[in-house]
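**Student:** coords below, sequence missing:
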C-alpha cells in the first residue's frame, strides 16, 4: 500500500467554506459533517502519527466526535448528509478501535509508513505465522511434540500430570516472552516517535520483526491453552 | 415535533408492544382492549371459499387467541423464531412448534407459512403485528404514524435484521433504526439517573437470550460486548414441563396425548400457568381432565421444578461468561445488572444471575424496577425520541452499539477470512482487495459470512455476490476494492470499485435468506392508494369495521354453550352494549364509536374467557375441536424426537404474568379512559 499522501483533502467546509484544519470530519465553524474519503485514522482525531498514545484523551475525543457525527444525529437531515454521517462514523469507529489497541495501532502505523505487515493477508495465507523465530526453534520443536502427546492422551482418556505440568510451564515461559516483545515494541515505538528518518526506518523494521515474533508466540500460547483447557 | 411522531416498537416472540416518549417519560400505548401487551398471534379470518383475495383480513393480538383454539390451522404464533431463516435452520423449531410450512420451499428460499388457504412469509406475518401496533398508536394519537424504531435481539444476524426491517416496510412504517433489545432496556433504565459505570443487561425472553455489557459515561451508552442465543427462552422451559407431563400421563394412565394436538394445547396452557405460579409459590398443581374422564393430578414442588429447568437456565451462563471475557471484565467489575424479559421473573434465573455476577456477595441487587415485559419498548421509545430530537431529556443521550457476530469472506479452501470482528462498534467498515485468477476474467464471486467459526461451512451465509463488469485484463492485474460497511442497524452494505480502470463495478448482492426489494414491494400490506386517502376517513372506516367485527362475534357467541353460563345481568349488559354500538356505528363520531366498541369488549370479557375455557376442556376430552390433521401427517413419521410435536400457542394470561404492584409509568390518556 502506498502512503496516504496521494489523496487530496478538501481543505474547506462544503457548507460554509471555513478551513477544516485539525477537524477534517466536522466543520468547527458550522458543525456540518464532511465527506471522509482519504482521511487516515490519526487525522480523524487531529493527531500526529505516533506509536505511543494516551488512551483516555483518545476516548474523550471519540465520545465528543460520536455525539456530533453519529447517524442518530442525522435522522432528519438530507440524504447526502446522512450518507456522510454514516461514512464518517464508520471511519471514526474504525479509527478508535485501531488506535486504542497498541498492537493494532503499531500495525496500522507501519502500514502507513509503507511496510508490509504479515497480518495484511490474514486468512489468505498464514504461512508467515508458521515460521518459528530462529532462537526458539528447539523449544518450539519440543513443545509441538508435547502438544501432540497431550492430544493423544486426551483422545485415549489418559492423564499425564508430568506432561501437564511441562505444558503449563511452557505456557508461562512463552507468555513471559510475549510480555518482553510488548515492552520491546513500546521501546522501539518511543524511538520512532522521537527519531529522525534514519532512526525511524531502523525502528520500523525492528517493529515489523517484533510483530511477526509476537504473532507466532500468540499462536503458540493459544495452541497450548486449547490443549490444556480442552478436557 | 409532534407532527413527526416516531414510535418505539418491541416486536417480541410472545408479546409485542408500542411505546412513545410523552414529554420526558416513555409510556406504553395500550390497544383497543386496554392491554399494553399485544400477543404476537396472527389469525387469518375465515372467509367464504369463493371470496376474492381482497376480502382477506387478519386478526392480531388478544382477539386472535380465541381463533387460535377454534381455527388452529389459520393461526400462527412465535413467528419471530422463523425470521430470516431457511428451511435447514428451522428443523428443530418444527419439532417443537406447530408451524405449518408450505411444502414446496426450496433450500435457500424464504420460508412461507400456511394459514388456511393462503401462504405468508415470516416478514408478512410480523408486518400484520406491526400494523396492529401502528394502528394502536394512531388511535392513541388521533393522527397518522409513519416512522418507527423497532427492537431486535442483540444476537440477531444480518438476515434476521433485514427480515425485521422488511416487515416494517410492509406495514407501512419507515424503520428509522433497529435497536438491540438489551441496549434499549439500558436506555430505559439510564434515562432518569445520569448513570456512570459498567452495566450488564441480562435479557431472557420467550424465545431469545441476550447478554450485553455496557459502559455508561455522561449520557453515552457504549456497548462493550454482547453475546446470546437466539433460540433460548421461556418457550424451552414450557416445552420441558410439557414433555414431563406427557410422559407421566402416558405411563400412569396409558394415554398417549402426543397424537392429539388440541389436548397438548390445553396441557401447554396448564404447564405455563404452573410455571408462572412457581415464580411466587413453593408448589404448583396440575389438574387436568383426560380423554377417558380420569384426571391427571400432579403437584410440582419448586425444588423439583428448579432441578428440571436447571439445564435450560444454565445455557445462559456460557454466553454471559463469553461476553465478560470479550469485554475484558471479571464479574466484580460489573457495577449494576439489569434484568429484562418475562423469564427473569423465575427465582432460579435470578439465583443464577446473582451467582454469575456475585451480586449478594458484593451487597448488590439486580435492577427490576421497570416491568420486564415493557422495558424494551420503553427503551425503543427513548431511542425514537433521540432520533426525532424531540425531547430535551434525550438530546444528550447517545447509543453506541456493536455488531454481535464477526463478518468474514470465504477464502481459498473454504476458510473464513475475518474482516470485521465481533463487538466492533457500529457503524463499522472494512476494505478488501480482490483480483482475477484467469486472463480476461470479468466476474469475481464473493461469499460473505457471519459467525465465529473457522470454516465457511460452519458460519452463517449472508450473501453471495458477483463483481461484474471488470475490464478484461491479465490475471491478477485488476484491483477491485470492495468496501463492507455495517450500518447503525447492524445491517451490511457492500460497494466496489475497480481501481486500475476506475470503473465502478456492478454489485448484485443476493441475500441468502432474504427478500429482494421487488419482493418486499409486492408484500406491502396497504396499497399506496389506501395510504393516500384521508386519514380521518380511514380511521372512521376502521372503527366501523372493528364495530362490525365485534358485533358479528357476539351474535355468533349466542349459540356457544358458554352463553348459557352467563348471568342474566351479564346478558343484559351485553345487550345494552350491542344496542348502543349498533346505534353509534353508522354515525361519524369516531370517539363515540370507539368508546362503544370498548364498552362491548368489556361487557363480553367474561364471555370470551368462558368460551376459551370451554374450548380448552373440550379439546382435552377430544370431542369438540377440529384437529389439525395436516400437522399429524407432517410429524407422525418414525423420527419424532420432540416431546410434543403439536404444542400449540401459549395462552398465558397476561394479567397473571404481571406482578400485583406494577411499577409502570403512568399511561397517557387514551380516548377510552375519558369515557369512564
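**Tutor:** Right, received. Where do you want to start? Just so we're clear, the structure is a prediction, and the values are computed from it rather than from any experiment. Numbering: from 1, shown residues only, chains lettered A, B, ... in the order given.

**Student:** what does chain A put close to chain B?
**Tutor:** A:63, A:66-67, A:70-72, A:75-76, A:86-87, A:89-91, A:93-94, A:96-97, A:122-124 (C-beta under 8 Å from any C-beta of the partner chain). C-beta coordinates here come from the backbone N, C-alpha and C atoms, glycine included.

**Student:** what ranges do the helices span in chain A?
**Tutor:** Assigned helices in chain A, in chain order: A:41-44, A:55-69, A:79-100, A:102-112, A:137-156, A:161-194, A:197-229 (criterion: DSSP state H).

**Student:** Number of residues surrounding residue 90?
**Tutor:** Using chain A. Residues within reach of residue A:90, counting by other C-beta atoms under 10 Å in any protein chain shown, total 26.

**Student:** Can you look at chain B instead?
**Tutor:** For residue B:90, the number of neighbouring residues by other C-beta under 10 Å comes to 18.

**Student:** same check, this time on the one 10 residues further on
**Tutor:** Residues contacting residue B:100 under the criterion other C-beta under 10 Å number 21.

**Student:** Which residue would you name as the spatial centre of chain A?
**Tutor:** The residue lying closest to the centre of chain A (C-alpha atoms, centre = their mean) is residue A:104, at 0.7 Å.

**Student:** What pLDDT is listed against the residue nearest to that residue when sequence neighbours are not counted?
**Tutor:** Excluding the flanking residues, the one nearest residue A:104 by C-beta to C-beta, 6 or more residues apart in numbering or on different chains is residue A:98, at 4.8 Å. pLDDT recorded at residue A:98 is 94.

**Student:** same deal with residue B:217?
**Tutor:** So residue B:217 comes in at 87 (pLDDT).

**Student:** and if you look at the one 3 residues further on?
**Tutor:** pLDDT recorded at residue B:220 is 91.

**Student:** Torsion angles phi and psi at it?
**Tutor:** Per-residue torsions, residue B:220: phi -100, psi 130 (degrees, to the nearest 10).

**Student:** residues in contact with it?
**Tutor:** Listed by C-beta atoms under 8 Å, 6 or more residues apart in numbering or on different chains, the contact partners of residue B:220 are A:63, A:66, A:67, B:397, B:398, B:400.

**Student:** Please produce a ChimeraX select command covering the buried subset of those residues.
**Tutor:** The ChimeraX command for the buried members of those (criterion: 16 or more other C-beta atoms under 10 Å in any protein chain shown) is given here:
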select /A:63,66,67 /B:397,398,400
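
**Student:** With pLDDT added, can I get the contacts of residue B:220 in a markdown table?
**Tutor:** A markdown table is the format used below for the contacts of residue B:220 (pLDDT from 0 to 100):
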| residue | pLDDT |
| --- | --- |
| A:63 | 94 |
| A:66 | 94 |
| A:67 | 92 |
| B:397 | 89 |
| B:398 | 92 |
| B:400 | 95 |
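
**Student:** returning to that earlier point: tally of neighbours for the residue nearest to residue A:104?
**Tutor:** If you count neighbours by other C-beta under 10 Å, residue A:98 ends up with 17.

**Student:** How much space separates it from residue B:425?
**Tutor:** Separation of residue A:98 from residue B:425 (C-beta to C-beta, to the nearest Å): 12 Å.

**Student:** how about whatever residue of the stretch 51-200 of chain B ends up closest to chain A, phi and psi?
**Tutor:** Closest approach between the stretch 51-200 of chain B and chain A, counting by C-beta to the nearest C-beta: residue B:176, at 5.6 Å. Torsion angles at residue B:176 (phi, psi; degrees, to the nearest 10) stand at phi -70, psi -30.

**Student:** show me the contacts for it.
**Tutor:** Residue B:176 sits next to A:75, B:6, B:147, B:148, B:149, B:384, B:387 when contact means C-beta under 8 Å, 6+ apart.

**Student:** can you list the domain ranges for chain A.
**Tutor:** Structural domains annotated on chain A: A:4-100, A:127-229, as defined by automatic domain parsing.

**Student:** Quick one: work out the angle between the worst-scoring helix or strand of chain A on mean pLDDT and helix A:197-229.
**Tutor:** Among the helices and strands of chain A, helix A:137-156 carries the lowest confidence by mean pLDDT, DSSP states H and E, at a mean of 82. Relative orientation of helix A:137-156 versus helix A:197-229 (axes from the mean of the first three to the mean of the last three C-alpha atoms, to 10 degrees): 20 degrees.

**Student:** Who are the packing partners of helix A:137-156?
**Tutor:** On a contact count with 3 or more C-beta pairs under 8 Å, 6 or more residues apart in numbering or on different chains; DSSP states H and E, helix A:137-156 meets helix A:161-194, helix A:197-229.

**Student:** could you redo those helices as CSV and give each row mean neighbour count and mean pLDDT?
**Tutor:** Shown next, in CSV, are those (neighbours: other C-beta atoms under 10 Å in any protein chain shown; pLDDT from 0 to 100):
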stretch, mean neighbour count, mean pLDDT
helix A:161-194, 15, 87
helix A:197-229, 17, 85
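
**Student:** and the stretch 151-300 of chain B, which residues reach chain A?
**Tutor:** So the stretch 151-300 of chain B meets chain A at B:176, B:177, B:217, B:218, B:220, B:222 (C-beta under 8 Å from any C-beta).

**Student:** so how far does stretch B:370-377 reach from one end to the other?
**Tutor:** 11 Å (C-alpha to C-alpha, to the nearest Å).

**Student:** Could you check how far it is from the centre of its chain?
**Tutor:** 14 Å (C-alpha atoms, centre = their mean, to the nearest Å).

**Student:** quick check: mean pLDDT across it?
**Tutor:** 93.

**Student:** now what about that stretch, what contacts it?
**Tutor:** Contacts for stretch B:370-377 (C-beta under 8 Å, 6+ apart): B:8-10, B:12, B:15, B:17-19, B:26, B:28, B:36-37, B:151, B:181, B:184-185, B:188-189, B:203, B:338-342, B:344-345, B:378, B:657-658, B:662-664.

**Student:** switch to 6 Å and redo it
**Tutor:** Applying C-beta atoms under 6 Å, 6 or more residues apart in numbering or on different chains, the set of residues contacting stretch B:370-377 from outside is B:8, B:10, B:17, B:19, B:28, B:151, B:181, B:184-185, B:188, B:340-342, B:344, B:664.

**Student:** Just the closest of those residues to residue B:591, please.
**Tutor:** Within those, the smallest distance to residue B:591 is 21.1 Å, found for residue B:28 (C-beta to C-beta).
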